[in-house]
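**Student:** A predicted structure for the sequence below; I have some questions about it.
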Amino acid sequence: MTPLLAAAPPAAETPPHTGGLLLLLDGTAGLLTVAALGIILLLVLIIKVRLQPFVALLAVSIAVGLSAGLSVTELFGTVQRSASVSMIESGMGGILGHVAIIIGLGTMLGAILEVSGGAEALSTRLLNLFGEKRAPLAMGLTGLIFGIPVFFDVGIFVLAPIVYAAAKRSGKSILLYCMPLLAGLSMTHAFLPPHPGPVAAAGLFKVDLGWVILMGVVVGIPAVLAAWAYAAWIGKRLFVPVPQDMLEAADEAKAAVAEERAARRAAARSTGAPDDTGTGKGSAPLATTPNSEDYAEQPVPLPTVFLIIGTPLLLILAATFSSIALDPSTFRSVIEFFGHPFVALTIALLMAYYLLGIRRGWSRKSLETVSTSSLKPVGNILLVVGAGGVFGAVLKGSGIADALADTFNDVGLPIIVLAYLISVVLRVAQGSATVAIVTTAGIVVPLVEGQDLSQAHLALIIMAISAGSIFASHVNDGGFWIVAKYFGISERDTLKSWTVLETVLSVAGFAMAATLSVFI
């Protein structure tokens, strides 16, 4: 059965720290007041002041710590070298030491798949395989598969032209094609590594990524099926034409790229210098095929895309279950080595470098350029995740987490329900799914300590938090505006389609996680 919050020992009459607001309000009441004011301040800074979430989280963490009576030394450490580590350093370093490498490797892998044409090849093959009548299903599967290694907004930018083409060819509402795609992208972004939310939560809860992947699939598949059903329903009842300006821009871009590549090849042949495929007079091709220029023109083979995406997932899952099914041995150690997320993603990235890059005529400089440029947007994500770790460390170190545990124990809600509700409130209030996840995790992690919950059950709690983080995307969410503007949907129709779609995905995901938690 789902455990309720374990009964905590009687709260002390005085909190572990004194000072700040606790001079005015003693004991648990003071700590809860500090927590409530801190969360309100965080929401005000992000929503009203429009302060960058990293700065807002860091500022609120400091304010909460000082208000709860933490000393400057406890928060920041000392100028002199000492054995003590400040809460800010331990909170930031503790989470980023696990998350930063995974997000970095996953981002570079997604960039290679995107630039090489792997996404377009995947969607085109699926459209041809399923036919025009099942094109919405093909778009949904495209979003589901390609959403694993790439971020949500990148997936939209790369796959949108395929949606335009399918909707234009059929003459039906663009919602019929974009909504299934968006549901697939959103599901993977919320529930599956290497996306920042579930990876950050796994680090804070100290849960193996293999369990997060497994529960993400088990919870996410029924959720996305429910979202696809709604997408089919709304797509037939709400007609939205294809945005012609986007369609024309996509066609012009493709024509310009093709013209530029043809010009480079002509110049290379005339001068004997290597062209963009690594061929030319007197130069050996970088690709291993006899004619790398012709090979680069061919669509990326679908099995290659599946191989690159599936390899790290299978390796991580194998390592997770080897620790359960196998006794300690050399064989198990080998499986655990290759299945460690750092190693598994590195293998997948090297496979992508060769199969989608070198083998298809890319220069090593091109690989470096694509990889480096893909990491530029990651800095903001890592800083937000790290600041969320600081917030959690302050809540725990100040005694606020224990006070919250005592209070929620009296409410009697199961932890998984509580986690979902907190995440929903934070998501609806400030818009960012990542901020909702890391903030909720910082509040919930101390509540599960000492309850001896299994890794599988903790993974389900992470799924509940992730489900809450995508509830009711509306005007304070950047994703809302990306969907509205990129697919030419009015604000009213975006609320009817995208916002409801996200809500269906959220509720279905939580319902699945809560149901499983009864038996696990």
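**Tutor:** Here it is on my side, so go on. Quick caveat, the model's predicted, so the values are computed rather than measured.
**Student:** list the buried residues in stretch 64-80.
**Tutor:** 64-70, 74-75, 77 (16 or more other CB atoms under 10 Å). To be clear about C-beta, it is placed using only N, CA and C from the backbone, and glycine gets the same treatment.
**Student:** for it, list the C-alpha coordinates in CSV.
**Tutor:** What follows is stretch 64-80, C-alpha atoms only, in CSV (Å, rounded to 0.1, in the frame of the first residue of the first chain):
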residue,chain,number,x,y,z
VAL,A,64,15.0,31.8,3.7
GLY,A,65,18.2,30.6,5.3
LEU,A,66,18.8,33.9,7.1
SER,A,67,15.2,34.2,8.2
ALA,A,68,15.3,30.6,9.6
GLY,A,69,18.3,31.5,11.7
LEU,A,70,21.1,30.1,9.7
SER,A,71,24.4,31.9,10.2
VAL,A,72,26.4,33.5,7.4
THR,A,73,29.1,30.8,8.0
GLU,A,74,26.6,28.0,7.6
LEU,A,75,25.3,29.5,4.4
PHE,A,76,28.5,30.7,2.8
GLY,A,77,31.4,29.0,4.7
THR,A,78,34.4,30.9,5.9
VAL,A,79,37.1,32.8,4.1
GLN,A,80,39.8,30.6,5.6
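**Student:** among the buried residues of stretch 64-80, which one sits closest to residue 337?
**Tutor:** residue 77 (35.1 Å; CB to CB).
**Student:** gap between the spatially most central residue of the chain and residue 229?
**Tutor:** For the chain, the residue nearest the mean C-alpha position is residue 195 (2.7 Å; CA atoms, centre = their mean). Distance, residue 195 to residue 229, using CB to CB, to the nearest Å: 24 Å.
**Student:** low pLDDT regions in the stretch 51-200 of the chain?
**Tutor:** Low-confidence segments of the stretch 51-200 of the chain (pLDDT under 70): 79-84, 98.
**Student:** returning to what we had before: any idea which of the buried residues of stretch 64-80 is closest to residue 470?
**Tutor:** residue 64 (26.3 Å).
**Student:** surely the closest one touches residue 33?
**Tutor:** No: at 10.8 Å, residue 64 does not count as touching residue 33 under the criterion of CB atoms under 8 Å.
**Student:** quick revisit: from the buried residues of stretch 64-80, which single one is nearest residue 175?
**Tutor:** residue 64 (43.0 Å).
**Student:** roughly how far apart are the closest one and residue 85?
**Tutor:** Residue 64 is 19 Å from residue 85, by CB to CB.
**Student:** same question, residue 220
**Tutor:** Relative to residue 85, residue 220 is positioned 37 Å away (CB to CB).
**Student:** who has more neighbours out of these two?
**Tutor:** For residue 220 versus residue 85, neighbours defined as other CB atoms under 10 Å are more numerous around residue 220 (27 against 12).
**Student:** which residues touch residue 223?
**Tutor:** 187, 191, 467, 505-506, 508-509, 512 (CB atoms under 8 Å, 6 or more residues apart in numbering).
**Student:** before we move on, what about residue 88?
**Tutor:** With CB under 8 Å, 6+ apart, residue 88 has these contacts: 58, 61-62, 75-77, 390, 393.
**Student:** could you redo the last one with a cut-off of 6 Å?
**Tutor:** Shown in contact with residue 88 (CB atoms under 6 Å, 6 or more residues apart in numbering): residue 390.
**Student:** ok, then the element right after the helix or strand hosting it?
**Tutor:** Assessed by DSSP states H and E, residue 88 sits inside helix 87-115. Sequence-wise, the next helix or strand downstream of helix 87-115 (DSSP H and E) is helix 118-130.
**Student:** what about residue 399, distance to residue 28?
**Tutor:** To residue 28, residue 399 is 9 Å away according to CB to CB.
**Student:** that's a helix at residue 385, yeah?
**Tutor:** Yes: looking at residue 385 with DSSP: H, G, I helix; E, B strand; the rest coil, it is inside a helix.
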